[in-house]
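K.L.:
sharing a model that was predicted from the sequence below.
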Amino acid sequence: MGMDRKQQETMIGDFSAMLYQKGYRGRYEMDSIDGAKIFMAGKLSECLEQIISLYNRSDLAEQKFLLKTRPPYNDKIGCSFKTELDMVKGFLVREMDIHDSVSRQSRHYRIDHHRTIPGSNAIEGLFPKPKPWEHILKGKLRR
């Protein structure tokens, strides 16, 4: 079960453009959800091409994978998109997890439509920032 080259390019182009418009422009890592041994890192279009080639070699109706990236302005926040490749609909994000390594907090979103994916600029406001005077309030007068 394969798809033609034009359909592949359309799927990759549409999904890449959507994530680019949302502000996710950095490097990507891709891993499997179900424990299969796939791992890729690099540009989004290259990772998506690899997933399509795996899809073409398998008999699965849909291929599920985990797409990880970071917002372009903050390396302390990580974003994971639980994504699937559907032969008809293309790449679909089903869930999104955001983790802040400074505050050690996470947020989980169920995604019904790509319009509901939060933009990369909105993510930083989801987590509390330390105030410059917090060390004084906690009795830590020395640094």
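P.N.:
Structure received.

K.L.:
in the longest helix along the chain, what counts as buried?
P.N.:
Of all segments of type helix in the chain, defined using DSSP state H, the longest is helix 5-21. Applying a neighbour-count criterion of 16 or more other Cβ atoms under 10 Å, the buried positions in helix 5-21 are Gln8, Met11, Ile12, Phe15, Ser16, Leu19. C-beta here means a position set from N, CA and C on the backbone, and glycine is covered the same way.

K.L.:
what distance do you get for the last one to Glu49?
P.N.:
With distances taken as Cβ to Cβ, to the nearest Å, Leu19 is found 15 Å from Glu49.

K.L.:
let me know the pLDDT of Asn56.
P.N.:
Looking at Asn56, its pLDDT is 79.

K.L.:
from memory it sits against Met3, does it?
P.N.:
Yes: counting by Cβ atoms under 8 Å, Met3 is a contact partner of Asn56 at 6.9 Å.

K.L.:
which of those two has more neighbours?
P.N.:
Between Asn56 and Met3, counted using other Cβ atoms under 10 Å, the more crowded position is Met3 (16 against 12).

K.L.:
you'd agree the more buried one is in a helix?
P.N.:
No: the assignment for Met3, made by DSSP: H, G, I helix; E, B strand; the rest coil, is coil rather than a helix.
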